[in-house]
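Chemist: would you be able to build a 3D model of this:
(2 chains)
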Protein chains: 2
Amino acid sequence: MLSLLDLRARISAGTLTPAGAIDLCRAAIAAREPELHALVTRDAAPAIPETGPLAGIAVGVKDIIDSAGLPSQMGSAIYAGWMPRGDAAVVSRLKQLGAVALAKTTTTAFASSDPTATVNPHDAGHTPGGSSAGSAAAVGAGLLPLALGTQTAGSVIRPASYCGCAAVKPSFRLIPTVGVKTYSWALDTVGLFAAGVADVAHALALVTGRPEIDRAEAGSAPRIALVRQDFAEAPEPEAEAALARARQAAERAGARITDLALPQELTQAWDRQRIIQNYEGRLALAWEYDTQRDALPPLVRAHLDAGAAISPDQYDDARRHGHHARRVLKGVFADFDAILTFSAPGAAPATLAATGDPRFNQLWTLMGVPCVNVPVPGHRLPVGVQVIGRFGDDGRALAVARMIEGALRG
Amino acid sequence: MLSLLDLRARISAGTLTPAGAIDLCRAAIAAREPELHALVTRDAAPAIPETGPLAGIAVGVKDIIDSAGLPSQMGSAIYAGWMPRGDAAVVSRLKQLGAVALAKTTTTAFASSDPTATVNPHDAGHTPGGSSAGSAAAVGAGLLPLALGTQTAGSVIRPASYCGCAAVKPSFRLIPTVGVKTYSWALDTVGLFAAGVADVAHALALVTGRPEIDRAEAGSAPRIALVRQDFAEAPEPEAEAALARARQAAERAGARITDLALPQELTQAWDRQRIIQNYEGRLALAWEYDTQRDALPPLVRAHLDAGAAISPDQYDDARRHGHHARRVLKGVFADFDAILTFSAPGAAPATLAATGDPRFNQLWTLMGVPCVNVPVPGHRLPVGVQVIGRFGDDGRALAVARMIEGALRG
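Modeler: I've put the predicted structure just below:
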């Protein structure tokens, strides 16, 4: 993989130019993209800033996020060739920092569940996950040092786990969603993919203008709750093994780990996340559903059909459970610095007809708390673990994730 | 004015067809629009559904809200002629109900403060208010029975007060903002303008699929807190007189009214509303600000300049004060069914160079609570009062507003 921090260090040292760093990406794309199918469109001749803290960093932009001059095709024929007027807020910010929006990356239609053409960079017979398929695969395959995704259920952390890269789904609305196609306004969260945890932490600090995110420390003995999410179906042995290895590594590094069963309010909220997602999706995609339903691929269409059958009362009830669970979770974090849990049910499934299951991600998206995928080495196909922090304390979550990542390597 | 309920009653009775109702609007537009300048573009030959609970209802759509087939020009040359791909969620919903998106209405640039060409329908030398200038003026002048606006500080309630129509700024996100140009994601709220309170209540119930909004009752003796918002500069005599008349009318109708000074946490939140608006505006409009700053009109540019100078810490502090104040306000509503206060500092100012002051609206937008403008008859230029309800209890707020409206007429 291409490490953002490594590229930036070489540029700062004068051994690599920003244009040279972009050329590295172009070469990697030329070598691997023909089989990977991670990119939808590319900017053939982008302006390459010479200065800025992200000069020389090529970014992949999920194709539901606007980037001026490139179409936003939403993974759907309904938006074939559709040109947005300008950049999404997060893309503007990246450009301000000197980064180059080099390519749009594949997305499942409207960031739902219908698979893309992208394959897993570690085995072309396996899914890269979704919905941010292209962003995860492009970073995991070493095509790009940074990519943007979005998560409504599990669309950042799961594909990162499957593709073997680091990723952060930050606190809700820490990164603006302006210029991002909406599926669920209460859930949609912009996230970042990069090679390692330090790379995503650095990028998040810059994108948000919050340098403290990059400076946070885990401390010598962070208190970590190990949460198995027993309310979700059991994971596969690979995920169990990865979580066990991460636990041991963290303990070796000094962390104090306690097994924790979450209060039942969190199970109740988890149970209702899909209600919010489907109900809001039906409203957010009203124009597409009402005027071009037959052009929608089957899985997103089925989700929207389900959304159409949900009453406002059911939706209000789900929102109330979500609010209540957020307060309960705040109490849990009085005793812990971070939660450690599964990123996905296992390694990437051996299929290109599905994108995997977000069941270990849905609760945390609804809670709005920061989530980090930490790749766990030692498996044939990548498997990650998920580190979760307090709402608004993205720096701490990333610091604990970095500590675990380091301990796993050491 | 054209009453939505009246038009619908005539259509239901068979004395008016949906096409005939649209023609009434076209005739009113032909008569008054040449001096009013409330409309930006019109659909010359819209499909007119024969059925649906809003069949025959022509809607004005603020020009930051997407309506398929009509440009979304945002009140700015930067978006001249720009065609969105489809309908905003709220426009789709209105069409589903049988309504016709007949025209786009003027907006200050990006729904900020630079005046539009629209004049007040009651005196062409006075502002109609902003930012939803065209929607308020078009309804107030009897061009349309329903119009969509948005409020980030005071852009629905204030122009409704100035133009003499009813309006509701519903609970935050009760109407989706998908397909609406973002200024501040924590504040932007879609609202409705119509002739009377019963008209807006009926429309809101249909748009949200929540019939209970239209069925709520004020009860025989609602408990109303009269709030002067002393933290804001004092209002003008016209606003004082309107509030006094509304109070007397409500008391005659049986309401129990108590003068209430709000807890200081609400003053502190009010003080910080602008920080959130400007900070988020700078991020939301990053592409426009970074690439075409000179094309922005002076007031919005100054607001965004101010936003660029706000630190994440100041923004976080403002958000925390807002959250805290929402909890305190919830406590206030334990003792009251509604709050009665000023809609605006006075009648529409005698200028076309400014859109008036949102200082009596900003707190309530930040609180996310439902606000209703009730026109108070008896002034040369319109003046309204504002009825505010609990978060999520839009029906009750509208019922109390309807009671006061009726008492003022009786």
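
Chemist: what about stretch A:69-80, near chain B?
Modeler: Yes: using C-beta under 8 Å from any C-beta of the partner chain, stretch A:69-80 reaches chain B at residue A:79. C-beta here means a position set from N, CA and C on the backbone, and glycine is covered the same way.

Chemist: would you mark the buried spots in that stretch?
Modeler: A:70-76, A:78-79 (16 or more other C-beta atoms under 10 Å in any protein chain shown).

Chemist: any regions of chain A where pLDDT drops low?
Modeler: Chain A contains no residues with pLDDT under 70.

Chemist: around chain B, pick out the residues from it.
Modeler: Proximity of chain A to chain B, by C-beta under 8 Å from any C-beta, involves residues A:68, A:79, A:82, A:85-89, A:91-93, A:95-96, A:173, A:176-179, A:182, A:185-186, A:208-210, A:280, A:283-284, A:286-288, A:290-291, A:312, A:316, A:392.

Chemist: restricted to buried residues, select those in PyMOL.
Modeler: The buried subset of the residues of chain A next to chain B, as determined by 16+ other C-beta under 10 Å, is captured in PyMOL by this line:
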select buried, chain A and resi 68+79+85+86+87+88+89+91+92+93+95+96+173+176+177+178+179+182+185+186+208+210+280+283+284+286+287+288+392
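
Chemist: thinking again about what came up before, farthest-apart pair in the buried residues of stretch A:69-80, please.
Modeler: Maximum pairwise distance among those (C-beta to C-beta): 17.3 Å, between A:70 and A:78.

Chemist: what is the one helix or strand residue A:241 maps to packed up against?
Modeler: For residue A:241, the enclosing helix or strand under DSSP states H and E is helix A:237-252. Using 3 or more C-beta pairs under 8 Å, 6 or more residues apart in numbering or on different chains; DSSP states H and E, the elements in contact with helix A:237-252 are strand A:223-226, strand A:256-259, strand A:338-342, strand A:371-376, strand A:383-388, helix A:394-409.

Chemist: if we go to 6 Å?
Modeler: Other helices and strands packing on helix A:237-252, by 3 or more C-beta pairs under 6 Å, 6 or more residues apart in numbering or on different chains; DSSP states H and E, are strand A:371-376, strand A:383-388, helix A:394-409.

Chemist: show me where the stretch 1-150 of chain A has strands.
Modeler: Here the stretch 1-150 of chain A has its strands, by DSSP state E, counting those that start in this stretch, at A:39-42, A:58-62, A:100-105, A:146-151.

Chemist: so of those strands, which one's packed in deepest?
Modeler: Comparing the strands of the stretch 1-150 of chain A by mean neighbour count (mean count of other C-beta atoms under 10 Å in any protein chain shown), strand A:58-62 comes out on top with a mean of 32.

Chemist: contacts only, for the residue in the stretch 301-410 of chain A that chain B sits nearest to.
Modeler: The stretch 301-410 of chain A approaches chain B most closely through residue A:312 (5.2 Å), counting by C-beta to the nearest C-beta. Residue A:312 makes contacts with B:209-210, as judged by C-beta atoms under 6 Å, 6 or more residues apart in numbering or on different chains.

Chemist: and the most centrally placed residue in chain A, how far from residue A:323?
Modeler: Nearest residue to the geometric centre of chain A (C-alpha atoms, centre = their mean): residue A:156, 2.0 Å. Here residue A:156 is placed at a distance of 23 Å from residue A:323 (C-beta to C-beta, to the nearest Å).

Chemist: likewise for residue A:310?
Modeler: Applying C-beta to C-beta, the value for residue A:310 to residue A:323 is 18 Å.

Chemist: so which of the two has more stuff around it?
Modeler: Using other C-beta atoms under 10 Å in any protein chain shown, the more surrounded residue of residue A:310 and residue A:323 is residue A:310, with 17 against 10.

Chemist: skipping adjacent residues, who's closest to the more buried one in space?
Modeler: residue A:279 (4.4 Å; C-beta to C-beta, 6 or more residues apart in numbering or on different chains).

Chemist: quick one: that neighbour is in a strand?
Modeler: No: counting by DSSP: H, G, I helix; E, B strand; the rest coil, residue A:279 falls outside a strand, being helix.

Chemist: and it, how far is that from chain B?
Modeler: To chain B, residue A:279 is 10 Å away according to C-beta to the nearest C-beta, to the nearest Å.

Chemist: same check on residue A:7?
Modeler: 24 Å.

Chemist: before we move on, back to that, so which of the residues of chain A next to chain B belong to helices?
Modeler: Among the residues of chain A next to chain B, the members falling in helices (DSSP state H) are A:89, A:91-93, A:95-96, A:208, A:280, A:283-284, A:286-288, A:290-291, A:312, A:316.

Chemist: residues in contact with the nearest residue to residue A:290 once chain neighbours are set aside?
Modeler: Among residues not flanking residue A:290 along the chain, residue B:92 sits closest, at 5.6 Å (C-beta to C-beta, 6+ apart). By C-beta under 6 Å, 6+ apart, the contact set of residue B:92 is A:286-287, A:290.

Chemist: repeat that with 8 Å
Modeler: A:286-287, A:290, B:86 (C-beta atoms under 8 Å, 6 or more residues apart in numbering or on different chains).

Chemist: could I get these as a markdown table with distance to residue B:302?
Modeler: Output for the contacts of residue B:92, formatted as a markdown table (distance: C-beta to C-beta, whole Å):
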| residue | distance to residue B:302 |
| --- | --- |
| A:286 | 36 |
| A:287 | 35 |
| A:290 | 40 |
| B:86 | 33 |
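
Chemist: what is the nearest of those residues to residue B:367?
Modeler: Distances from residue B:367 to these, taken as C-beta to C-beta, are shortest for residue A:286 (27.6 Å).

Chemist: separation between the closest one and residue A:234?
Modeler: Relative to residue A:234, residue A:286 is positioned 38 Å away (C-beta to C-beta).

Chemist: how many other residues sit next to residue A:230?
Modeler: Residues lying near residue A:230 (other C-beta under 10 Å) number 10.

Chemist: gap between the nearest residue to it once chain neighbours are set aside and residue A:227?
Modeler: Nearest residue to residue A:230, sequence neighbours excluded (C-beta to C-beta, 6+ apart): residue A:261, at 6.8 Å. Distance from residue A:261 to residue A:227, counting by C-beta to C-beta: 8 Å.

Chemist: do residue A:190 as well
Modeler: Per C-beta to C-beta, residue A:190 is found 25 Å from residue A:227.

Chemist: neighbour-wise, which of those two wins?
Modeler: Neighbours per residue, other C-beta under 10 Å: of residue A:190 and residue A:227, the larger number sits with residue A:190, 26 against 23.

Chemist: need the nearest residue in space to the more buried one, chain neighbours excluded.
Modeler: residue A:175 is the one closest to residue A:190 (C-beta to C-beta, 6+ apart), at 4.1 Å.
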